[in-house]
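Trainee: whatever this is, show me its structure:
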Amino acid sequence: MVLLHKHLANDDGTILIVVDSDVDGFTSAAMMYKYIDHRNPNIKIDYLLHKGKGHGLADTIQDILSSDTHYDLIILPDSSSNDYEYHLMLKDYGAECLILDHHLVEPDTKFADNAIIINNQLSDGYTNKNLCGAGVVWQFIRYMDSFCQEDYASTIIDLAALGIVSDMMSMLSLENRYIVKNGFE
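Mentor: Just a heads-up that it's a prediction; the model follows:
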């Protein structure tokens, strides 16, 4: 939360959102884009689409590093928990990373100090392991809302619902059912 707040306060900042190439990735990225634009419409926000069925940084890292634009913050919704070596490359490049993911993390994964990873699979206390990337992003935005004393997340719950259904997440979870029911209403 502190990382995003810091970048939202910088009107001259540049943020890149790397979009995972499935519906969960598109809805996750759309929610982040809309939220950032809502909080500070002066920030430059770019997005990067994978050329094929890509996931994470492997096929996009060179595009980022060779871009004419320097990005202060790179947001990776629905991907990149396991991309330690690429996080280090982005650290050398001078960017911080915000990762909002739901994919399993390999047991031997290392974590770079320039990357904040929010992943429901990493927390023993977060019991819903069937939340998709869009659900993780939506819950992150809800958490941000609590500090800003607003309810922006409710205006984009439809995108979270679409992400959950398209990623075929279990509806046995009360959290998933709540998001889908309210999102589709």
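
Trainee: any idea what V19 is bridged to?
Mentor: Here V19 sits in beta bridges with L49, going by DSSP bridges.

Trainee: the residue nearest to L65 when sequence neighbours are not counted and D158, how far apart?
Mentor: Distance criterion C-beta to C-beta, 6 or more residues apart in numbering; nearest residue to L65, sequence neighbours excluded, is Y93 at 5.8 Å. Every residue, glycine included, has its C-beta placed from N, CA and C. Distance of Y93 to D158, computed by C-beta to C-beta, to the nearest Å: 35 Å.

Trainee: which residue is nearest the middle of this structure?
Mentor: P77 (2.4 Å; C-alpha atoms, centre = their mean).

Trainee: so who does that residue touch?
Mentor: Counting by C-beta atoms under 8 Å, 6 or more residues apart in numbering, P77 makes contact with 17-20, 25, 28-29, 31-32, 100-101, 133-134, 136-137.

Trainee: per-residue pLDDT, the residue nearest to L65?
Mentor: Here the pLDDT value assigned to Y93 is 96.

Trainee: let me know how buried it is, in neighbour terms.
Mentor: Counted with other C-beta atoms under 10 Å, the neighbours of Y93 add up to 15.

Trainee: can you classify the nearest residue to H50 once chain neighbours are set aside by secondary structure?
Mentor: With C-beta to C-beta, 6+ apart as the criterion, H50 has its nearest non-adjacent residue at 4.3 Å, and that residue is S21. Judged by DSSP: H, G, I helix; E, B strand; the rest coil, the three-state class of S21 is coil.

Trainee: lovely, talk soon.
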